[in-house]
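A.B. asks: next comes the sequence, and after it the predicted model I'd like to discuss.
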Amino acid sequence: MESKNNWKAWLYLAPVIILMAVFTFYPILNSFYISFLDNYDYVHNTFDGFTFNNYISILTPLLNDPELGNTGTMFESVVQIGLPNTMLLTIITVPLSIIISLAIAIGLNSIRWLKKIFQTIFFLPYVTNAIAIGMVFAVIFDTDYGVFNAIFGTFGHAWVNPSIDPNGAMTVNYWSGVFAICFYIIWSSLPYKILIFLGGLQNIDKQYYEAAQVDATPKRKTAWKITIPLLSPQIMYVMVTSFIGAFKEYDSVIGMFGEQGGAFDANTGPRNMRTMVYFIYDQIHLNQVEYASAAAVVLFIIIMIFTALQFWVSKKRVHY
């Protein structure tokens, strides 16, 4: 009977396994394979042999520009732009978005009137196109007509759009761009996290809070000793998915900064907001699929390391 049930289970899982094999496992393995090919032409599926130079190239501080025929012109590589930007956005946005969404979820859970309406309002950004939202935020942070400058009286400050300095150079302060894109990423990532935390809060047994009220426990201590420990599985899940999502950030850069990923800063040099995934798409556009695959493998390894570390920490911090 057990053997028969196993075959039924595999039969029910077969459609999903087939789809994952075709659209997930095969692309991953194929990317590993392509990342070691030299001069790979994906149109004709030809290459000149196997090499480690693809990894060496993308991890070298300066890389020849394939679009210009390798004439010596340099462009920003993974280690100069893509990886630092990705790490910076991840470190800033993930903790802040989790803290803010948890606070909002606790507040929403305590509301009785119009609770469903507020939940719907907070969830709307999740079902809105990311590129469209990015373009709206680009307008909000516009140098001359942006709402942000109007509210805080900082007219003329270039957050996203390049401005002209006295020497006639186009410039955008790098950290202003970081602030603007982090503001957008945190705002757009809140709905999903709030939904997860609300589900967890509603499953917490009310007897814990009733006992805390009997003992006259302060609300801050109740949240720290009861709410957060009992929400640790949801916090762990949100943290893992948030790190993975932050490492794959791309839509926000395109929506706010366009195809160039931002302008240059006259003081710090050519440093824009391109991320690791931006670099991957850019290399595919330039028909450098082997570079894109190598960068994808590097990103995959980084995500795996961070995920493994989080699961290791969760063994001591997560209470099921």
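C.D. replies: It's in.
A.B. asks: pLDDT weak spots in the stretch 101-250 of the chain?
C.D. replies: 114, 161-172 (pLDDT under 70).
A.B. asks: now the helices for it?
C.D. replies: With DSSP state H, counting those that start in this stretch as the criterion, the stretch 101-250 of the chain has helices at 115-123, 130-140, 147-152, 174-202, 206-214, 219-222, 228-230, 232-247.
A.B. asks: list the buried residues in the fifth one.
C.D. replies: Put plainly, it is helix 206-214. Going by neighbour count (16 or more other Cβ atoms under 10 Å), the buried part of helix 206-214 is A212. The way it works is simple: take the backbone N, C-alpha and C, and place the C-beta from them, glycine included.
A.B. asks: what packs against it?
C.D. replies: Using 3 or more Cβ pairs under 8 Å, 6 or more residues apart in numbering; DSSP states H and E, no helix or strand is in contact with helix 206-214.
A.B. asks: show me the contacts for the most centrally placed residue in the chain.
C.D. replies: The centroid of the chain falls nearest to A246 when counting by Cα atoms, centre = their mean (1.8 Å). Taking Cβ atoms under 8 Å, 6 or more residues apart in numbering, we find A246 in contact with T86, L89, T90, T93, V94, I185.
A.B. asks: separation between the first one and D142?
C.D. replies: When Cβ to Cβ, to the nearest Å is applied, the distance between T86 and D142 equals 26 Å.
A.B. asks: over to the second one?
C.D. replies: Taking Cβ to Cβ as the measure, L89 and D142 are separated by 21 Å.
A.B. asks: quick one: which of the two has more around it?
C.D. replies: When L89 and D142 are compared for neighbours, L89 comes out ahead with 21 against 17, by other Cβ atoms under 10 Å.
A.B. asks: wait, a strand at that one?
C.D. replies: No. Going by DSSP: H, G, I helix; E, B strand; the rest coil, the assignment for L89 is helix, not a strand.
A.B. asks: quick one, what contacts it?
C.D. replies: V178, I181, C182, I185, A246, E249, T275.
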